[in-house]
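Student: Give me coordinates for this.
(one chain, ligands or ions: 1)
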Amino acid sequence: MIACNSEQNKKQVSKAPIVEDVIIKPIVIATWNTPIAVNEAAKVLESGGTALDAVEAGCRIEEANIDNQTVGIGALPDRDGNVTLDACIMDDKGNYGAVLCVENITHVVSVARKVMEETPHAILVGKGAEEFAVSEGFKREKLLSEKSKKAWENWKGTSKYQPIINIENHDTIGMLAVDKKGSISGACTTSGLAYKMRGRVGDSPVIGGGLFIDNEIGGAAATGLGEEVLKTVGSFLVVELMRQGKTPQEACKEAIKRIVSKPNSDYKNFQVAYIAVNKKGEIGGYSIHEWFSYNVYREGKTKNITSDYYLKT
Ligand code: SD4
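Tutor: Sure, this is the predicted structure:
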């Protein structure tokens, strides 16, 4: 018979840190360099708003930015010229909502929140998600900008599908926030990979892939080649590694190691990066290749931090 309360078992159960003692100031951390979005989230937190409201507000900034070609309106299309968006959101109670492969709706992060809060489901996809959004008052918009249309037309000259490290796909936002109560929430919004196959969905809207939050431990988000993040359940892995006692930095590094050490990994030809925050307010970020960066807001300042990375020659 196994004694459930043996000393050994007690030691193996990692205790969640006590929040009230350690979180002093709100924190926002987000993939890549989108300071306006991060500042928007920070504004919500500083005025006493929740981490959930903060990440939604932050992500909406880039979704509305027509010049950001990887998120929301103005994003690069799939190979057939359709802009399809993915987003998800998670709150401090472990609730999750997502929309996948949605067309004609700019603020998919808000639709994901509606899925989480207003439906009995966690995920809606495609036409169903679009119709749900419209029923909730979102307006249909043309998402393909002139700039993205031109880029797609140029791409069709060769039709070569090769995601380019740090260039073609940057600015997908994975955002994590810690509010004044020490509660953590996160969101992720993207158009995925440019010139993807129609119907393709990456890690960003998938729980445990592009985002995972466990309010007792911390949160993590991913960017880069979603297929590789999905195959290692990357953001969930980062949070579980933090649960085992790793710092956010160590956890991000270990999750990247899992990808690059897979047999026959082609990691020299793709980028993946993670960001993380824990309950103590410690943060981390790590990528395979150089030039990943992330924004961090704390104590009134937003900084862009160049990430440490695996592939040093
Ligand atoms: C995807 N992870 O759809 C996303 C792309 C991305 O910065 O993060 N780009 O695979």
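
Student: Would you map the strands across the chain?
Tutor: Applying DSSP state E to the chain gives strands spanning 27-31, 85-90, 96-102, 123-125, 173-178, 184-190, 211-214, 218-224, 272-278, 283-287, 293-298, 301-306, 308-309.

Student: Can you pull the residues of the protein lying near the ligand?
Tutor: Within the chain, the positions near the ligand by Cβ under 6 Å from any ligand atom are 70, 169-170, 172, 190, 192-193, 202-204, 210, 223-226. Every residue, glycine included, has its C-beta placed from N, CA and C.

Student: ok, now with 5 Å
Tutor: Within reach of the ligand by Cβ under 5 Å from any ligand atom, the chain has these residues: 169, 172, 192, 202, 204, 223, 226.

Student: Show the pLDDT at the fifth one.
Tutor: Among the per-residue scores, residue 204 shows a pLDDT of 98.

Student: for the residue nearest to residue 268 when sequence neighbours are not counted, what are its contacts?
Tutor: Excluding the flanking residues, the one nearest residue 268 by Cβ to Cβ, 6 or more residues apart in numbering is residue 311, at 6.9 Å. Residue 311 is in contact with 267-268, 288-290, counting by Cβ atoms under 8 Å, 6 or more residues apart in numbering.

Student: most neighbours, which of those residues?
Tutor: Neighbour counts for the contacts of residue 311 peak at residue 288, which has 24 neighbours (criterion: other Cβ atoms under 10 Å).

Student: okay, and for this structure, where does confidence drop off?
Tutor: Along the chain, segments meeting pLDDT under 70 span 1-24, 164-170, 313.

Student: Any chance you could spot the residue sitting in the middle of it?
Tutor: Taking Cα atoms, centre = their mean, the centroid of the chain lies closest to residue 174, which sits 2.6 Å from it.

Student: Isn't that one up against residue 210?
Tutor: Yes - using Cβ atoms under 8 Å, residue 174 is in contact with residue 210, at 6.0 Å.

Student: which residues do those two both contact?
Tutor: The contact sets of residue 174 and residue 210 overlap at 188, 204, 221-223, 235 (Cβ under 8 Å, 6+ apart).

Student: Rebuild those residues as TSV, extending it with neighbour count.
Tutor: Shown next, in TSV, are these (neighbours: other Cβ atoms under 10 Å):
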residue	neighbour count
188	34
204	32
221	36
222	34
223	31
235	33
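
Student: Which member of those is positioned nearest residue 261?
Tutor: Checking the shared contacts of residue 174 and residue 210 against residue 261 with Cβ to Cβ, the nearest one is residue 222 at 17.3 Å.

Student: show me the contacts for that closest one.
Tutor: Residue 222 touches 31, 174, 188, 203-204, 209-211, 229, 234-235, 272-274, counting by Cβ under 8 Å, 6+ apart.

Student: what's the closest of those to residue 100?
Tutor: Minimum distance to residue 100 across the contacts of residue 222 is 9.2 Å, recorded for residue 204 (Cβ to Cβ).

Student: For that closest one, give me its contacts.
Tutor: Neighbouring residues of residue 204 by Cβ under 8 Å, 6+ apart: 86-88, 172, 174, 188-190, 192, 210-211, 222-223, 226.

Student: What of residue 257?
Tutor: Residue 257 touches residue 310, counting by Cβ under 8 Å, 6+ apart.

Student: No further questions, thank you.
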